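Peer 1: this one's structure only:
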């Protein structure tokens, strides 16, 4: 601390760090400014001296609120089907908060619900420097209107959207790799897909990858998913019961996310059907619990935290360079093979279980 109990100042931080006050200010406001060593030195010194920048003054000087906003769809607290898995959303938020916090920014998070979603979104937009908006949170018209007043980055948007910066995961490739494994490693030829909410871009891309893998193997491609599970555990259980009641005894059920697949596992146990011996089950996302259920869930890992991180980094880039060309970031996925598909603990197919 400064001698004599004096309040720490930006000048004290600059002098001890061996840089100018301008550099200290830039480091605090811009997560990409300066070298890594300079940033670490300035931030370490500020922490040691107990210096906290005056957020109100900083906002007035730079015309910045020092806040980024994150808008997500309804999380179903009213009892309705959830638009997105809360576990998925939580991971995305953690990634977004990490990047924003390191940049000295606050994060305003809002789950927009059906009735007041437009008013809430416009209210949030008026309080922040920019917004990260998850797909299906708002209509395209409202997103376009908000983007005229503050920078916007779309998260998990429809493929091919070019008007705004956006970050997405290669859902189609992930689903294609998963289904190819079921066909090639296990010989399964009777597969069905359980989707997320109608209109979900993620679910639509995963179903497209499912169909492409079937087509590549010379198998019939369904026009529609076999059932809809809403991306929730309860929805997955309901979809599985529906399939069983309809006499659907597919050799493998490919769920659009892990939570639906986990819900289905309980239903199959109740029906005295063994996974994977009677029915193979797979998911998508690779949430933490997927490795702990019985049997451990074969799934597709998507970098959920990195989605949030990349979205906020894109937003900061847009704030720094408003006139730069639009950017699209597509993150890769990878197959995680566990036991629910019929593989052994190390990913090897069980001997003698390959269908002909």
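Peer 2: In hand now; what should we look at? The shown structure was predicted, so the numbers you read here are calculated from the model rather than taken from an experiment.
Peer 1: check contacts around residue 221.
Peer 2: Under the criterion of CB atoms under 8 Å, 6 or more residues apart in numbering, the neighbours of residue 221 are 211, 214-215. Any C-beta I mention is one placed from the backbone N, CA and C, and that applies to glycine too.
Peer 1: mind putting the residues you listed in a markdown table, neighbour count, secondary structure and pLDDT included?
Peer 2: Shown next, in a markdown table, are the contacts of residue 221 (neighbours: other CB atoms under 10 Å; DSSP: H, G, I helix; E, B strand; the rest coil; pLDDT from 0 to 100):
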| residue | neighbour count | secondary structure | pLDDT |
| --- | --- | --- | --- |
| 211 | 21 | helix | 98 |
| 214 | 20 | helix | 98 |
| 215 | 12 | helix | 98 |
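Peer 1: Quickly name whichever of these is closest to residue 248.
Peer 2: Comparing the contacts of residue 221 against residue 248 with CB to CB places residue 214 closest, at 16.1 Å.
Peer 1: What's the separation between the residue nearest to that closest one when sequence neighbours are not counted and residue 132?
Peer 2: Leaving out its chain neighbours, the residue that sits closest to residue 214 by CB to CB, 6 or more residues apart in numbering is residue 221, at 5.0 Å. Counting by CB to CB, to the nearest Å, the gap from residue 221 to residue 132 is 35 Å.
Peer 1: Would you map the strands across the stretch 101-250 of the chain?
Peer 2: 106-111, 130-134, 152-155, 165-169, 191-195, 227-228 (DSSP state E, counting those that start in this stretch).
Peer 1: contacting residues around the last one?
Peer 2: Translated: strand 227-228. The contact list for strand 227-228, computed with CB under 8 Å, 6+ apart, reads 192, 194-198, 235, 239-240, 242-243.
Peer 1: and with 10 Å instead?
Peer 2: 81, 192-198, 200, 203, 235-236, 238-243, 246, 248, 253, 255-256, 260 (CB atoms under 10 Å, 6 or more residues apart in numbering).
Peer 1: Partner strands of it, with direction?
Peer 2: strand 191-195 (parallel) (DSSP bridges).
Peer 1: mind checking how far the partner strand is from the chain centre?
Peer 2: 21 Å (CA atoms, centre = their mean, to the nearest Å).
Peer 1: what's the answer for stretch 324-331, then?
Peer 2: With CA atoms, centre = their mean, you get 16 Å for stretch 324-331.
Peer 1: Run a quick neighbour tally on the closest residue to residue 179 other than its chain neighbours.
Peer 2: Nearest residue to residue 179 in three dimensions, chain neighbours excluded: residue 213, at 3.5 Å (CB to CB, 6+ apart). By the criterion of other CB atoms under 10 Å, residue 213 has 24 neighbours.
Peer 1: quick one: residue 213 and residue 189 touch, right?
Peer 2: No. With contact defined as CB atoms under 10 Å, residue 213 does not count as touching residue 189 (11.8 Å).
Peer 1: shared neighbours, those two?
Peer 2: By CB under 10 Å, 6+ apart, the residues touching both residue 213 and residue 189 are 182-183, 219.
Peer 1: which of those residues has the most neighbours?
Peer 2: Most neighbours among the shared contacts of residue 213 and residue 189, by other CB under 10 Å: residue 182, with 23 neighbours.
Peer 1: Buried ones among the contacts of strand 227-228?
Peer 2: The neighbour-count test (16 or more other CB atoms under 10 Å) marks 81, 192-197, 200, 203, 235-236, 238-243, 253, 255-256, 260 as buried among the contacts of strand 227-228.
Peer 1: Relative to residue 137, how far out is residue 23?
Peer 2: 38 Å.
Peer 1: What of residue 230?
Peer 2: 16 Å.
Peer 1: neighbour-wise, which of those two wins?
Peer 2: Using other CB under 10 Å, the more surrounded residue of residue 230 and residue 137 is residue 230, with 28 against 24.
Peer 1: Quick check, the more buried one in contact with residue 200.
Peer 2: Yes. Residue 230 is within contact range of residue 200, at 9.2 Å (criterion: CB under 10 Å).
Peer 1: residues contacting the residue most central in space within the chain?
Peer 2: Nearest to the mean C-alpha position of the chain, counting by CA atoms, centre = their mean, stands residue 304 at 4.0 Å. Going by CB under 10 Å, 6+ apart, residue 304 touches 85, 87-95, 169, 285-287, 331.
Peer 1: If we ignore the residues flanking it in sequence, what's nearest residue 335?
Peer 2: residue 177 (4.9 Å).
Peer 1: The one you found contacts residue 213, doesn't it?
Peer 2: Yes. At 7.9 Å, residue 177 and residue 213 qualify as touching, with contact defined as CB under 10 Å.
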